[in-house]
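Asker: Can you look at this prediction? I've put the sequence above it.
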Amino acid sequence: MKNNEHIAALLRNATGKILVISHISPDGDTLGSALALYWALIHLGKDAELYCQDAVPALYGFLPGAARVKNTGLADDYALAVAVDCASLDRLGDAGEAFQAAAANVCIDHHKSNPLFGQYNLVRTDTAAVAEVLTDFFIDEGFPITADMADCLYTGLLTDSGQFSFDSTSADTLRAGAQLLERGARLADINNRVFRTRSLGRTRLIGRGLGKLRMEAGGKIALILLTRQDMADCGADDGDSENLVNYALEIDGVDAGVLLREEADGTVKCSLRSSGAFDAAGIAVKFGGGGHAKAAGFTLDGPGNAAAETVLAALRGHWVVA
Ligand SMILES: [Mn+2]
């Protein structure tokens with residue numbers, strides 16, 4: 001039996017509780033894809049649960065089923081656990097144990113750095129999003145895609161592909177988007193909600209971040225450090241800093257955009273973007289993180305200022321001639 005058929009059979013034949021897990025600091029792809037998979041399982045009459053260690057950003061609250069994503073009450077006896085969009089086991093956060101303790105587990109992902117940590121792995125690194133992987137999988141394996149599922153998957157596809165603009169966007173990505181439109185995805189509505197609506201906190205955070213922009217390496221590196229105080233002053237939640245790093249990268253002449261955000265637990269979350277001049281994932285992996293060539297992430301020890309120096313040193317060391 002082919003790998004995909006095997007995973008389809010696992011989903012169809014599971015008889016106990018099924019856990020669907022989104023990664024920590026959830027984004028549109030991990031949430032949209034996990035929700036679509038959740039609905040596919042519910043439509044099969046399965047006892048499915050959605051879990052994410054961190055809260056669903058308000059931005060994605062419109063996704064059908066978003067309110068069902070829980071962050072407490074994990075069981076220890078799942079028949080099947082599925083990790084969605086998780087490049088490594090630690091991306092599951094505190095759900096890692098339940099994943100490993102499940103009678104069977106599956107990793108569904110698209111990150112090149114994924115070490116295939118599931119017992120079964122549906123990992124396609126040639127895709128723009130897990131939403132693309134799942135759209136193809138559902139169609140190929142005969143799982144109906146409802147309009148709600150199409151909205152979830154389209155959101156994942158749209159957000160991870162940079163609105164179908166990153167290098168990762170292929171003709172197949174666009175075909176997957178077309179398949180979802182044919183199944184009822186609300187293209188304009190989703191675009192408006194995700195890309196043309198922002199909270200007051202996010203809006204204030206953009207201003208704060210740009211005000212604190214720091215240029216290094218002769219203008220090749222642009223860095224933004226957000227402290228807990230910045231987040232509080234702006235009335236922003238953690239999801240509100242998503243995409244802020246792009247303002248750094250998009251400055252003319254910049255090859256590395258860096259966003260550092262102090263976390264409540266004292267660590268510092270780093271988002272790294274590359275113009276293509278260096279491999280962002282290569283640096284992220286050095287710090288125990290992961291990602292893609294142009295977009296990667298990792299976590300450092302605090303405080304923020306120390307983390308900033310660590311990242312700058314790693315980046316400076318990375319260019320042959322600065
Ligand atoms: Mn993704």
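Answerer: Done, it's in.

Asker: Only C-alpha atoms from now on, for both contacts and neighbour counts.
Answerer: Fine.

Asker: How about the residues of the stretch 51-200 of the chain by the ion?
Answerer: Contacts of the stretch 51-200 of the chain with the ion, taken as Cα under 5 Å from the ion, map to residue 129.

Asker: So which residues of the stretch 51-200 of the chain form helices?
Answerer: 96-101, 130-140, 147-160, 171-182, 187-195, 200-211 (DSSP state H, counting those that start in this stretch).

Asker: Strand partners (parallel or antiparallel) of the helix or strand of the chain at the bottom of the mean pLDDT ranking?
Answerer: Lowest by mean pLDDT, DSSP states H and E among the helices and strands of the chain is strand 290-291, with a mean of 88. Here strand 290-291 is paired, per DSSP bridges, with strand 295-301 (antiparallel).

Asker: circling back: identify all contacting residues around the least confident helix or strand of the chain.
Answerer: Outside of strand 290-291, the residues within contact range by Cα atoms under 8 Å, 6 or more residues apart in numbering are 87, 88, 111, 112, 113, 280, 281, 282, 284, 296, 297, 298.

Asker: Pretty sure residue 59 sits against residue 194.
Answerer: Yes - here residue 59 lies in contact with residue 194, judged by Cα atoms under 8 Å, at a distance of 6.6 Å.

Asker: can you list the domain ranges for this protein.
Answerer: 3-195, 200-318 (automatic domain parsing).

Asker: give me the low-pLDDT residue ranges for the chain?
Answerer: Counting by pLDDT under 70, the chain shows low-confidence ranges at 1, 319-322.

Asker: Pull up the gap between the residue nearest the centre of it and residue 123, please.
Answerer: Centroid-nearest residue in the chain: residue 27, 4.2 Å away (criterion: Cα atoms, centre = their mean). Per Cα to Cα, to the nearest Å, residue 27 is found 18 Å from residue 123.

Asker: same question, residue 37
Answerer: Taken as Cα to Cα, the span from residue 37 to residue 123 is 15 Å.

Asker: How about residue 94?
Answerer: Where residue 123 is concerned, residue 94 sits at a distance of 22 Å (Cα to Cα).

Asker: Comparing these two, which residue is more hemmed in?
Answerer: Set residue 94 next to residue 123 and count neighbours by other Cα atoms under 10 Å: residue 123 wins out with 22 against 18.

Asker: bridging residues for the more buried one?
Answerer: residue 109.

Asker: for it, what are its contacts?
Answerer: 107, 108, 109, 110, 111, 114, 116, 133.

Asker: could you list every residue that touches residue 111?
Answerer: Counted by Cα under 8 Å, 6+ apart, residue 111 has contacts 85, 86, 87, 123, 124, 125, 291, 292.

Asker: Out of those residues, who's the most crowded?
Answerer: That'd be residue 85 among these, by other Cα under 10 Å, with 28 neighbours.

Asker: Does that one touch residue 106 like I think?
Answerer: No - counting by Cα under 8 Å, residue 85 sits too far from residue 106 to count as a contact (11.2 Å).
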